[in-house]
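> I'll drop the sequence and a predicted model, then ask my questions.
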Amino acid sequence: MMNSTNVSYFILSAYFDTGLFKYLCFMIVMSLYVLIVGSNLLLVVVICMNRSLHEPMYLFLCSLFVNELVGSSGLFPFLLVQILSDIHTVSAPLCFLQNFFLYCYGGVEYLNLAAMSYDRYLAICYPLQYNTRMTFNRITVLFAVTWLCPFLLCVVMTSLSSSLQLCGNIIDKVYCDNYSVVKLACYDTSVNNVYGLVSTSLIIFCPLILIFYTYMKILRVCFSGSKQTRQKAVSTCTPHLASLLNFSCGACFEISQSRFNMNNLPNTLRIVLSLYWLTCQPVFNPLLYGLNMSKIRIICKSLVFAKM
């Protein structure tokens, strides 16, 4: 155990020697990153450049794709450097910066999905009043809450973590994780733990409660409405629910690994589970929405075939 000190760097102990296979891992991760950036950036450009897509539903989707770019860029360049490196260390400032970006990504993702569920709730339950309810001011407030709340919460979280006196510098992950840093503290971390519980409740459970409420209302309308109403609800809500389930499973894997001892699992499996919430969602969402949203699919096809 180290004495109480201001740690200048952290050791990422989850990496293991793969020999020449590290170059194969590098190519796989690089290809995945290029796919994520290319697909999400394409959809952001398509939505921004086409006036027919300047509707609340597509604007929230654009926000979702921008967040995937932010989250993946906070992870993949770092992973690529670490894969090729023989010494898996990271400076303390860079570690806390990565914490900030990754936790912001998670918070924005949940709040964005909650805003999307609220939009679908108004469109399905109040179709005739949708335009008067989903006003420009309301959209602006939803965007502000979606992006500013996680930003402010993560600023406080990072400040609390970076001010801790640490008695160690070994993180059993392939990237920096705030909870892993807090566990290295020499003294009482009650403030960090209470703040973490409160911020987690605000970022995860409050959006989930809103999503659950809106879908209960949507289901009630579907069961009492026409066949056309049910078809509309299914076509617009299925991708959203699939995205929510995918991200929640990844977040559950990550929280379980951080809070409980998973040393009995193979190291490779633990690494895959810890990366799931940061890698699968940015791949999953563009494919899910790009294939299911007919307007986006038609415009993407026209762009691709126009250049051939």
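Great, that's in hand. Numbers count the residues shown, from 1 in each chain.
> Please identify which helix or strand holds residue 24.
If you go by DSSP states H and E, residue 24 is part of helix 21-49.
> next helix or strand past whichever strand or helix holds residue 131?
Following DSSP H and E, the helix or strand that holds residue 131 is helix 130-133. Sequence-wise, the next helix or strand beyond helix 130-133 is helix 136-162, with elements assigned using DSSP H and E.
> Which strands or helices does that following helix pack on?
The helices and strands touching helix 136-162, judged by 3 or more Cβ pairs under 8 Å, 6 or more residues apart in numbering; DSSP states H and E, are helix 56-73, helix 92-125, helix 178-182, helix 190-200. Yep, even glycine has a C-beta here, placed from its N, CA and C like the rest.
> residues making contact with the third one?
Taking Cβ atoms under 8 Å, 6 or more residues apart in numbering as the criterion, the residues outside helix 178-182 that touch it are 10, 95-96, 99, 103, 157-158, 161, 164, 166, 171-173, 189, 192-193, 196, 258-259.
> Distance from the chain centre to it, please.
On the basis of Cα atoms, centre = their mean, to the nearest Å, the separation between the geometric centre of helix 178-182 and that of its chain is 19 Å.
> CA atoms only: put it into PDB for me.
Only the C-alpha atoms of helix 178-182 are listed here, as PDB (Å, rounded to 0.1, in the frame of the first residue of the first chain):
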ATOM      1  CA  ASN A 178     -14.400   7.100 -11.400                       C
ATOM      2  CA  TYR A 179     -15.500   4.400  -8.900                       C
ATOM      3  CA  SER A 180     -12.200   2.600  -9.300                       C
ATOM      4  CA  VAL A 181     -10.400   5.900  -8.500                       C
ATOM      5  CA  VAL A 182     -12.600   6.600  -5.500                       C
END
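> Quick one: mean pLDDT over that helix.
For helix 178-182, the per-residue pLDDT values average out at 89.
> The longest one too?
For helix 92-125, mean pLDDT is 93.
> and the helix holding residue 24, how far out from the chain's middle?
Its chain's C-alpha centre and that of helix 21-49 lie 16 Å apart, by Cα atoms, centre = their mean.
> Which elements pack onto that helix?
Using 3+ Cβ pairs under 8 Å, 6+ apart as the contact criterion, the neighbours of helix 21-49 among helices and strands are helix 56-73, helix 76-84, helix 267-292, helix 294-306.
> what's the most buried one of those helices?
Mean neighbour counts were taken over these using mean count of other Cβ atoms under 10 Å, and the top value, a mean of 21, falls to helix 56-73.
> Next, the angle helix 267-292 makes with that one.
Using axes from the mean of the first three to the mean of the last three Cα atoms, to 10 degrees, one finds that helix 56-73 and helix 267-292 are set 150 degrees apart in direction.
> any residues touching stretch 72-83, and which ones?
Outside of stretch 72-83, the residues within contact range by Cβ under 8 Å, 6+ apart are 12, 15, 22, 25-26, 29-30, 32-33, 36-37, 40, 88, 90, 94, 98, 101-102, 105, 174-175, 275, 278-279, 282.
> Now the buried members of these.
Buried residues within the contacts of stretch 72-83, defined by neighbour count using 16 or more other Cβ atoms under 10 Å: 12, 15, 22, 26, 29, 32-33, 36-37, 40, 88, 90, 98, 101-102, 105, 174-175, 275, 278-279, 282.
> who's in contact with the residue nearest to residue 218 when sequence neighbours are not counted?
Once flanking residues are discounted, residue 218 sits nearest to residue 124: 5.3 Å by Cβ to Cβ, 6 or more residues apart in numbering. With contact set as Cβ under 8 Å, 6+ apart, residue 124 has these partners: 218, 221-222, 229, 232-233, 236-237.
> which two from those residues end up farthest apart in space?
Based on Cβ to Cβ, the longest span within the contacts of residue 124 runs between 221 and 236 and measures 12.6 Å.
> In stretch 165-183, which residues are buried?
Within stretch 165-183, the residues that qualify as buried are 166, 168-169, 171-182, counting by 16+ other Cβ under 10 Å.
> Turn the helices and strands packed on helix 136-162 into a markdown table, columns for distance to residue 297.
Rendered in a markdown table, the data for these read as follows (distance: least, Cβ to Cβ, whole Å):
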| stretch | distance to residue 297 |
| --- | --- |
| helix 56-73 | 13 |
| helix 92-125 | 18 |
| helix 178-182 | 38 |
| helix 190-200 | 36 |
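> Residue 249: which of these is closest?
In terms of Cβ to Cβ, the element of the helices and strands packed on helix 136-162 nearest to residue 249 is helix 92-125, at 12.9 Å.
> how far is the closest one from where the chain is centred?
For helix 92-125, the distance to the chain centre is 6 Å (Cα atoms, centre = their mean).
> Stretch 86-93 now?
24 Å.
> Not counting it itself, show me its contacts.
Residues lying outside stretch 86-93 but in contact with it, judged by Cβ under 8 Å, 6+ apart, are 6-13, 15, 78, 82, 98, 162, 176.
> Thank you kindly, that will do.
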